[in-house]
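Visitor: whatever this is, show me its structure:
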Amino acid sequence: MSNLTLWSRPWDTERWLRDFFGPAAMVDWIQPRAHDQFTPAAEIIRHGDDAVVRLELPGIDVDKDVAVELDRGWLVIHGEHRDEHAEHEHGRSLREIRYGSFRRSFRLPEHVTSDAVSASYEAGVLTIRVAGAYARPEARRIAVTT
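Guide: Residues are numbered from 1 along each chain as shown. Got it, this is the predicted structure:
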């Protein structure tokens, strides 16, 4: 007998995204963005056993406007890029810089704790290092009582 699986229902994009990317796919990909939100470009690089997440956030005051959190196994980066000139300058003819709130989230392995996460900001790039993200946790022997 073959292990061939056929699609039994029409293409379900939401289910496919959720299965492939995890629950955050619904938040990060499906839901429409408000006009005052943007998604900063991100990359994740493996450096030994560590994961290094880099987000492009030029012109942001990270001390005031960015939060990096570990929430139930998710690395969550959120904040706001404020337009300091909006109140003073009206009638701009070209506006390519994105302002508004942002939120990015990435699933982490279960063994990662907040002690393993560190963040720095330099030259418009927020860099978050997750120490040991790719390390395989050691197996623990469980004592059997008789």
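
Visitor: bridged to the closest residue to R103 other than its chain neighbours, which residues?
Guide: Spatial nearest neighbour of R103, chain neighbours left out: H78 (4.1 Å); criterion: Cβ to Cβ, 6 or more residues apart in numbering. Backbone N, C-alpha and C define where each C-beta goes, glycine included. Beta bridges link H78 to A67, R103, judged by DSSP bridges.

Visitor: for H78, give its distance to V130.
Guide: 17 Å (Cβ to Cβ, to the nearest Å).

Visitor: among those two, which residue is more densely surrounded?
Guide: V130 (23 against 14; other Cβ atoms under 10 Å).

Visitor: what about R72, how many neighbours?
Guide: R72, neighbours per other Cβ under 10 Å, totals 6.

Visitor: which parts of this protein are strands?
Guide: 42-47, 50-56, 66-71, 74-81, 100-107, 117-122, 125-130 (DSSP state E).

Visitor: same list (the ones you listed) but as TSV, adding distance to P137 and mean pLDDT.
Guide: As requested, those are arranged in TSV below (distance: least, Cβ to Cβ, whole Å; pLDDT from 0 to 100):
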stretch	distance to P137	mean pLDDT
strand 42-47	17	94
strand 50-56	15	96
strand 66-71	17	95
strand 74-81	18	93
strand 100-107	16	92
strand 117-122	16	97
strand 125-130	14	97
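
Visitor: mind putting the ones you listed into CSV with distance to R140?
Guide: Output for the strands of the chain, formatted as CSV (distance: least, Cβ to Cβ, whole Å):
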stretch, distance to R140
strand 42-47, 25
strand 50-56, 23
strand 66-71, 22
strand 74-81, 24
strand 100-107, 23
strand 117-122, 23
strand 125-130, 22
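
Visitor: hang on, the earlier thing: what's near enough to touch the residue nearest to R103?
Guide: V66, A67, E69, S101, F102, R103, R104 (Cβ atoms under 8 Å, 6 or more residues apart in numbering).

Visitor: perfect, I'm done here.
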